[in-house]
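Engineer: Need coordinates for the below:
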Amino acid sequence: MTITMKRVLLTVALCVAASASFAQKKAVNEAHSIVKGDKANYDEARNLIKGALDNPETKEDPKTWFVAGFIEDQQFSAERMKQYLGQQPNEPVMYTALMKILPYFEKAYALDQLPDAKGKVKPKHTKEIKNILSANHIYYFNGGAYYFDEKDYRKAYDCFGQYLTIADLPIFKGEKVAERDSNFMSVQFYAAVAATQLDDSPTAIAALERAKTTDYKLNDVYQYLAFEYLQIKDSVNYEKTLEEGMSKFPEEKYYILYLINSYISSNKNEQAIENLKKAIESEPTNAMLYDVMGRVYESGLKDNDSAIANFKKALEVDPNYVDALNNMGRVYYNQGVNKLSEANMINDSKLYQEESAKAKEFFKLALPYFEKAHEVQPEEREYMTALRSIYYNLQMGAEFDAIEAKMSGNTNQ
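Structural biologist: Model (predicted):
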């Protein structure tokens, strides 16, 4: 191939490239034009802009991305206008378009801030971007609420999230859009609530941690956050969140009760006792708190005397509190079983009788509590099983037969 021919081919190639670039720029202008007015064609505009978004010559032009966002804004505005006119807008179309605007405008804004060939920054679209996002801002709240009501929590979270993103944009610093007002706090909260419905604890935790930064429904925020940390088995942050929540909302029982449960499950018995005492100070007539205290002493600290003392306090508050009845009976019953096991290891007949008698005394102490528990909940088999064993060990034949018959379903015996 001759040098002349190569030059011709190169010239042709350059002309083709220039032609393609010109065609894409023309498409951007046409797309911008055909979404204005009553005969707007949004689908055609989207098809026209699609090529320009990928073309090497136009994809770095802020106008391309601005027009892409402008198309979505025009369709959103057309549906919104129906509301002003008392007509029913197509909400899925309206909010789908709304949620497409910001990603395009973010790219357009970034490109609009780049210096030109002379090193000067001369943004051409930033003002209009700012005006459109400012005008539309509240509708991201509305869109999030719409999707939330539709139980499309992913879109609700994303739409609420765009509201928050716009408020954080540098172009709105110091302006009303960026204010942490009641709308902002509501959106931040409901974005977090939507995130809790996504079965995605890391996303939910991030949203809830952000929601902690403003004073809106914080009691709910801390409870949601504690739950999410529990889901991922992060006991450190779970307990930290409960402790913070308890400090901020000392009247809220949720925190102290779940914190106590966490301390118990992780064998932090002293911390559990300390917090139970605080809870009892504020609620001295809560039988459950004494009962839980008794269980910590019994199973955690192996202190039966303190356990019994607290179970008794629970029953002083509520004589029919069945958990305390069961727990009190169990402490005595278990001591009887242990004493009987020790007696069975003794070969000396006299000593055996003495130890057996001690075991029976514990069974006698347990008996009235299980009888009362059975009276309160007559169908609970756990109480019937305990009574059967006690009747057997105390040689109470008639009572043993009666409970056996009840447990077997034959009450005529």
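Engineer: Hmm, residue 49 and residue 68 touching each other?
Structural biologist: Yes. Between residue 68 and residue 49 there is a contact under Cβ atoms under 8 Å: 4.9 Å. Yep, even glycine has a C-beta here, placed from its N, CA and C like the rest.
Engineer: Spell out which residues are contacts of both of the two.
Structural biologist: Common contact partners of residue 68 and residue 49 (Cβ atoms under 8 Å, 6 or more residues apart in numbering): none.
Engineer: What distance do you get for the spatially most central residue of the chain to residue 34?
Structural biologist: Centroid-nearest residue in the chain, with Cα atoms, centre = their mean: residue 196, separated by 3.4 Å. Residue 196 sits 43 Å away from residue 34, going by Cβ to Cβ, to the nearest Å.
Engineer: now do residue 107
Structural biologist: Using Cβ to Cβ, residue 107 is found at 22 Å from residue 34.
Engineer: same question, residue 50
Structural biologist: Distance, residue 50 to residue 34, using Cβ to Cβ: 14 Å.
Engineer: and what of residue 331?
Structural biologist: 83 Å.
Engineer: Comparing those two, which residue is more hemmed in?
Structural biologist: Legend: neighbour count by other Cβ atoms under 10 Å for residue 331 and residue 34, higher for residue 331 (23 against 17).
Engineer: List the buried residues in whichever strand or helix holds the more buried one.
Structural biologist: Here residue 331 sits within helix 322-343, counting by DSSP states H and E. Applying a neighbour-count criterion of 16 or more other Cβ atoms under 10 Å, the buried positions in helix 322-343 are 322-333, 335-337, 339-340, 343.
Engineer: Ok, stretch 190-210 next?
Structural biologist: Of the residues in stretch 190-210, 190-196, 200-201, 203-205, 207-208, 210 count as buried by neighbour count, 16+ other Cβ under 10 Å.
Engineer: Residue 245 touches residue 219, doesn't it?
Structural biologist: Yes. Using Cβ under 8 Å, residue 245 makes contact with residue 219 at a distance of 7.3 Å.
Engineer: Which residues are in contact with each of these two?
Structural biologist: Common neighbours of residue 245 and residue 219, counting by Cβ under 8 Å, 6+ apart, are residue 252.
Engineer: what about these two, which has more around it?
Structural biologist: Using other Cβ under 10 Å as the criterion, residue 245 and residue 219 rank with residue 245 on top: 23 against 14.
Engineer: Name all residues that make contact with that one.
Structural biologist: By Cβ under 8 Å, 6+ apart, the contact set of residue 245 is 219, 222, 223, 226, 252, 254, 255.
Engineer: What is the nearest of those to residue 369?
Structural biologist: Of all those, residue 254 has the smallest distance to residue 369: 30.1 Å, by Cβ to Cβ.
Engineer: Just to check, that closest one is in contact with residue 223?
Structural biologist: Yes. Using Cβ under 8 Å, residue 254 is in contact with residue 223, at 5.8 Å.
Engineer: Those two - which one has more neighbours?
Structural biologist: Each of residue 254 and residue 223 has its neighbours counted (other Cβ under 10 Å); residue 223 has more, 20 against 15.
Engineer: From residue 251, how far out is the more buried one?
Structural biologist: As judged by Cβ to Cβ, residue 223 and residue 251 stand 14 Å apart.
Engineer: So for the residue nearest to the centre of the chain, what's the nearest residue that isn't a sequence neighbour?
Structural biologist: residue 204 (4.7 Å; Cβ to Cβ, 6 or more residues apart in numbering).
Engineer: What is the neighbour count of residue 302?
Structural biologist: The tally of other residues near residue 302 (other Cβ under 10 Å) stands at 10.
Engineer: what about it, helix or strand, and which?
Structural biologist: Assigned by DSSP H and E, residue 302 belongs to no helix or strand.
Engineer: With residue 123 instead?
Structural biologist: Using DSSP H and E, no helix or strand contains residue 123.
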